[in-house]
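Student: Sequence and predicted structure below; questions after.
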Amino acid sequence: MTQFLAQLPVLPIIIPLIAAPLTMLLPARALKGRIPCLFATLVSWIAFAASAAILHSVATAGPISYHMGDFAPPIGIEYRIDLANALVLTLVSGVAALAFPFSYASIRAEIDDHQLSMFYAMALIAMVGLLGVVITGDAFNVFVFVEISSLSTYALVALGARRDRRALTASFNYLVMGTIGATFFVIGLGLLYQATGTLNMADLKIQLAGRDNPMVEAGFAFILVGMGLKAAMFPMHLWMPNAYAHAPSAVAVFLAATSTKVAVYVIIRFTYTVIGADFDFAGAAFEYLIAPLAVMGMFFASIVAIFQDNLKRMLAYSSVGQIGYMLLGISFGTEQGLAASLVHLFNHGLMKGALFMAAAAVAFRVGSETCDGFRGLARRMPWTAAAFIIAALSLVGVPGTIGFISKWQLLSAAFDSGRAWAGFLIVASSLLSVIYMGRVVELMTLAPAPDASAAVREAPLSMLVPMAILVAANIYFGLSTELTVDLAERAATSLMGAAR
Amino acid sequence: MSIEHLVLRVVIKILFAPILLFALYVQFHGDYGAGGGFQAGVIFAVAFILHALIMGLDETKRVLPAAALKAMMVVGFLFYAGTGAATMLLGGNLLGYDAIAPNSDHNEGQHYGILLVEFGVGMAVASTMLMIFYQFAGREPEIRDEDW
Amino acid sequence: MTPGAETAAFWSRLIDLSLLTMLVLVAYTMLRSRHLFAIVMLSGIYSLLSAALFVSLDAVDVAFTEAAVGAGVSTVLMLGAMLLTVRREKTQRLGRASLGIAVVALVGAALIYATTAMPAFGDPAAPANSYIGAVYMERTAAEIGVPNVVTAVLASYRGFDTLGETMVIFTAGLGVMLLLGPGSGRGGRSVKDRPGKDEAP
Amino acid sequence: MDLLAFAIERYNYWIFITLMMMGLFIVIARGNLIKKMIGLNVFQTSVFIYYISIGKIAGGTAPIYLPEDLKARMAHGGDHAPLPGKDAIGAGAIRVDESLHGGAGFAGNDLQSLAGKAAPPEGAALHSAPEGAANDILAAPPLTIEDHAGAAGAAADLAKAAAEIVYSNPLPHVLILTAIVVGIATTAVGLALIVRIREAYGTIEEDELEAADDIAEFGYVPSKRGLPEQRAGA
């Protein structure tokens, strides 16, 4: 048992990593394709249990270091888990644990039966890639797992081609932008490696101390741009709306809730654990470059979202805006701002997951992804409509939901750091989200249902239950902030402490 | 059958075995010189790709069916990951090969570990590369004349 | 440095320089040409040239891999894809070139700025060469016991990266199977968001 | 001629930057999807050249031990205690004390002395001492191979053997082997996508693809984004 616990940090990675290839060999068409789905669900639950155990262990007893191959860092690869990792780890595996059972109904409708086991193998790989990025303490290992998650994501997005060929071009654009981003990241790592001779993040920090030179500055810039591309940071977001809109619905649920958040996490990790606060250029980059771009993203993307007809694309544009909130919070350069960003990162994953799940359920039953499909939904699919409305309220930031918590955190961080302007901008752009969300909610509740309404049934239980759990999380964490806010504050303190 | 094809067929028949032998050499000589599992896997795949280019894909698929390749991809990867898991079960950390032979003076654990892992890489790479080639070659072209 | 070593160093720099020059020429030709077959062949040559450069830079394992992958597998795949698609590139709309020039100028400037602080080429005291890399060189004999240090680092010290790398190649195989294999269907369905003028609703 | 020396030391950095930029330009400015993939390849390959350049040591040889050198090193390495930085088997998860500076908890800093050479002037300038707790670790008497190798004479032999042969840095090579694999994996998936795009749209030119998607979305091609033929006709 002690042996088992000692190996805990690596379990959420190695178990899905071994399970994913095995999934490929499972029979795809027996039992209506249930076997690969059930297997993948089970694996994701194990990964979630391990992640939750790690979070508990880190929260109660402090950060963990795990040495791959029994070589101590910086010689070997290290898993270094503190609260920030553990929180994102739990988010990713938690969303996956809900997305896998959720996917069963819609994926069977959207892809060919022959492909089911390959699909679930690929989805597990995507999950493992994201988890691996979050958990590692080695800079180059980040790149390897970023590529695992990216490659699997390209293929998963392209599977939407059975419904709409635009999934192919969306996937290809994503591939080109993603590869450029990853290569920028590698260039940045190369510059940092050349300046220090090491790849371990904590060791990079030690080696870089007091060594401000053009190599380090350029290296940080390349890492920021590379991960900014992956995070769909404002001017580099063009790949994302189409990729999410045309991907199979269940894939969009998982990606929207996790993928960009992980990239934001990597930005936080490199900013604080690797570069640290003792470099003026890092602070200046956030103050004069990232913050303005974040604000522009908040407004531009929200305005574009208002005019979208495709619901998934509207939600994707909304995500671009929400990424802006997170980056804005980081750019404050205060513990409070960082904590607010981490809280919003976690909360936004939960609300976007719920919204995309509702959209997927509507696409599954009504067969439409445009706003028209939502007409009169409150009468046709009441549970789904209720889930969507609660998640939408959360996105807008109504008290009692997680959206309120994270916006409140961001606002107080803005005012406390003397950036009243940022506070007003956050409120103003929230009003924009009222417009685009309100439009859909109005269609759902007030508009009459189209004639064919008799044929539409409520979504199946396999969809409703995961959706309900996510919505419940939206409310639970909105009322009880112990887990998210307290942990995020402690995570921010330790990140900032390590940076100083 | 035209005479050029005959020449090519004879050449590939003569070359096929030496290429595979070379792949094996690269596979197991990686500790000593340049090369290793990845390079060996690629060479192994190239031998079969040449075979397919000259003898036709169907012929190659008779020798090495796609279903077998699929299994090889999985087994190759699991060789690697399984070695890592085995070291965990033997009391080491993930991929801590010393746990394979804990009392060895001459790093036997490391030797076995590297051998197993490189074999896994070779198998996974060879089968994956070949599988990718099968998929491209098996797709029927629908090319229009004006595109030439 | 002895005179002999100095001459050797001079020749090695000369070989590097000529290989790099050829690489630039090949890349420029690829940029200009519209004949896809020629470009694919040139990209094979590009890989071979960089493999030669890697040998000159003492990276024999990398050279071997680059030659096998870049000039071999990659070229075969490119040709395969070309056979399934088109042979010539068409002219594209204007304006994209200016975006390209702007991005490239910005990125290039950032990199050139970074080079001002870089240690000299081949400097054994550079941080990169005197820290972890040197540690691997120092310890492999005792700790791993294989002559090829690259193999030792690849499979043991950083074995987990290589596990990830194997997963990457596996993912690519699986991805291609999903895209082109059984059940993938041909192309994809074209769906209209709104009925267009040019076709029936 | 300091400037000339400066330039000569960096020429290959500048050349591969040129290569990198050419690759990136092809990706951004060219509309044919296959050409984009080739541009990506050129871009990535140039980054490989950069990494390998980092690891080059003047007068060095490939990082494969020469037989006699290996014999000399193995003779002293057979029965030693674990080297610093080598864990006992199965150390498992280890708690990190955060009161120590960031990553100062591990033995990393012992390693600088292990690299087997006194810091030369340029190196010293770059390795300006870190502040705070890390500094104390650097100041502590470093662990060296001698502590573990047993006999002092053996260590001298080892140092001598190491001094005679200069090997290049193996770490960038390993990183680039991984990156090459990632590159071919991306190429394979990208090309598979291109094949599917061609089947679905009948073209792999970005302009025509965008036009087709615009028609699907808006029912017409926005005038600003017209195809070359259409612009020529207008």
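Tutor: Good, I have the coordinates.
Student: And the next helix or strand past the helix or strand where residue A:142 lies?
Tutor: Per DSSP states H and E: residue A:142 is located in helix A:139-158. Downstream of helix A:139-158, the next assigned helix or strand under DSSP H and E is helix A:166-196.
Student: I'd like to know how far residue C:37 sits from chain A.
Tutor: Using CB to the nearest CB, to the nearest Å, residue C:37 is found at 21 Å from chain A. For glycine as for every other residue, the C-beta is placed from the backbone atoms N, C-alpha and C.
Student: what's the burial count for the closest residue to that residue other than its chain neighbours?
Tutor: In this structure, residue C:37 finds its nearest non-sequential neighbour in residue C:87, 6.0 Å apart by CB to CB, 6 or more residues apart in numbering or on different chains. Applying other CB atoms under 10 Å in any protein chain shown, we find 16 residues neighbouring residue C:87.
Student: Would you mind confirming that residue C:87 is in contact with residue C:33?
Tutor: No - if you go by CB atoms under 8 Å, residue C:87 and residue C:33 don't touch, sitting 12.0 Å apart.
Student: which stretches of the chain aren't confidently modelled?
Tutor: Going with chain A. For chain A, the stretches with pLDDT under 70 are A:1-3, A:277-278, A:451-454, A:498-500.
Student: oops, chain D please
Tutor: For chain D, the stretches with pLDDT under 70 are D:1, D:75-87, D:90, D:97-164, D:222-234.
Student: can you do 50?
Tutor: Within chain D, the segments meeting pLDDT under 50 span D:78-81, D:99-155, D:226, D:228-234.
Student: Tell me which stretches of it form helices.
Tutor: Using DSSP state H, the helices of chain D run over D:2-29, D:33-55, D:67-77, D:111-114, D:121-126, D:133-139, D:146-149, D:152-164, D:170-201, D:206-218, D:228-233.
Student: Same question for chain B.
Tutor: Using DSSP H, helices in chain B cover B:3-29, B:37-55, B:57-63, B:66-89, B:108-138.
Student: Could you dump these into a markdown table and include mean neighbour count, distance to chain A and mean pLDDT?
Tutor: Listed next are the helices of chain B as a markdown table, based on neighbours: other CB atoms under 10 Å in any protein chain shown; distance: least, CB to the nearest CB, whole Å; pLDDT from 0 to 100:
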| stretch | mean neighbour count | distance to chain A | mean pLDDT |
| --- | --- | --- | --- |
| helix B:3-29 | 14 | 21 | 86 |
| helix B:37-55 | 23 | 14 | 91 |
| helix B:57-63 | 13 | 18 | 90 |
| helix B:66-89 | 20 | 4 | 94 |
| helix B:108-138 | 24 | 9 | 93 |
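Student: out of those helices, which comes closest to residue C:65?
Tutor: Nearest to residue C:65, of all the helices of chain B, is helix B:37-55, at 5.6 Å by CB to CB.
Student: could you check the angle helix D:170-201 makes with the closest one?
Tutor: Per axes from the mean of the first three to the mean of the last three CA atoms, to 10 degrees, the angle that helix B:37-55 makes with helix D:170-201 is 40 degrees.
Student: so who does the residue nearest the centre of chain B touch?
Tutor: Residue closest to the mean C-alpha point of chain B, counted by CA atoms, centre = their mean, is residue B:126 at 2.2 Å. Residues in contact with residue B:126, defined by CB atoms under 8 Å, 6 or more residues apart in numbering or on different chains, are B:23, B:40-42, B:44-45, B:72, B:76.
Student: Same question for residue B:71.
Tutor: Going by CB under 8 Å, 6+ apart, residue B:71 touches residue A:25.
Student: can you rerun that using 6 Å?
Tutor: Contacts of residue B:71 were listed using CB atoms under 6 Å, 6 or more residues apart in numbering or on different chains, and none were found.
Student: Kindly report the same for residue D:220.
Tutor: Contacts of residue D:220 (CB under 6 Å, 6+ apart): none.
Student: And it, how close does it get to chain A?
Tutor: As judged by CB to the nearest CB, residue D:220 and chain A stand 16 Å apart.
Student: What is the neighbour count of residue C:19?
Tutor: By the criterion of other CB under 10 Å, residue C:19 has 22 neighbours.
Student: Next, give phi and psi for it.
Tutor: For residue C:19, the backbone dihedrals are phi -60, psi -40 (criterion: degrees, to the nearest 10).
Student: Look up the closest residue to it, ignoring the ones flanking it.
Tutor: The shortest distance from residue C:19 to any non-neighbouring residue, by CB to CB, 6+ apart, is to residue C:53 (4.5 Å).
Student: secondary structure element for that neighbour?
Tutor: Using DSSP H and E, residue C:53 falls in helix C:36-56.
Student: Mind giving me the packing neighbours of that helix?
Tutor: Applying 3 or more CB pairs under 6 Å, 6 or more residues apart in numbering or on different chains; DSSP states H and E, we find helix C:36-56 packed against helix C:3-32, helix C:60-66, helix C:74-84, helix D:33-55.
Student: Contact partners for the residue in chain B that chain A sits nearest to?
Tutor: Closest approach between chain B and chain A, counting by CB to the nearest CB: residue B:96, at 3.6 Å. Applying CB under 6 Å, 6+ apart to residue B:96 gives the contacts A:69-70, B:87.
Student: Equivalent analysis for residue D:32, please.
Tutor: C:89, D:205.
Student: Show me what it bridges to in the sheet.
Tutor: Beta bridges link residue D:32 to residue D:205 when assigned by DSSP bridges.
Student: where's it relative to residue B:136, distance?
Tutor: 18 Å (CB to CB, to the nearest Å).
Student: Then residue B:21?
Tutor: Taking CB to CB, one finds residue B:21 at 27 Å from residue B:136.
Student: what's the answer for residue A:348, then?
Tutor: 40 Å.
Student: Residue D:183 too?
Tutor: With distances taken as CB to CB, residue D:183 is found 17 Å from residue B:136.
Student: List the buried residues for stretch C:41-53?
Tutor: Along stretch C:41-53, these residues count as buried under the neighbour rule (16 or more other CB atoms under 10 Å in any protein chain shown): C:42-53.
Student: repeat for stretch A:284-297
Tutor: Quick answer for stretch A:284-297 (16+ other CB under 10 Å): A:285-286, A:290-291, A:293-295, A:297.
Student: dump the residue contacts of the nearest residue to residue B:32 once chain neighbours are set aside.
Tutor: The shortest distance from residue B:32 to any non-neighbouring residue, by CB to CB, 6+ apart, is to residue C:147 (5.2 Å). Shown in contact with residue C:147 (CB under 6 Å, 6+ apart): B:32, D:64-65, D:70.
Student: Among these, which one sits closest to residue A:422?
Tutor: residue D:64 (56.4 Å).
Student: mind checking pLDDT for the closest residue to that closest one other than its chain neighbours?
Tutor: Once flanking residues are discounted, residue D:64 sits nearest to residue C:148: 4.7 Å by CB to CB, 6+ apart. Residue C:148 is assigned 91 on the pLDDT scale.
Student: Tally up the residues packed near residue C:148, please.
Tutor: 27.
Student: Return the backbone torsion pair for it.
Tutor: Dihedral angles (degrees, to the nearest 10) for residue C:148: phi -80, psi 110.
Student: Same question for the one 10 residues further on.
Tutor: When read as degrees, to the nearest 10, the backbone of residue C:158 gives phi -110, psi 40.
Student: buried residues in the helix or strand containing residue A:39?
Tutor: According to DSSP H and E, residue A:39 maps onto helix A:34-61. For helix A:34-61, burial by neighbour count (16+ other CB under 10 Å) applies to A:35-41, A:43-48, A:50-55, A:57-59.
Student: OK, contacts around the nearest residue to residue D:59 once chain neighbours are set aside?
Tutor: Excluding its sequence neighbours, the residue lying closest to residue D:59 (CB to CB, 6+ apart) is residue D:166, at 5.5 Å. Shown in contact with residue D:166 (CB under 6 Å, 6+ apart): D:57, D:59-60.
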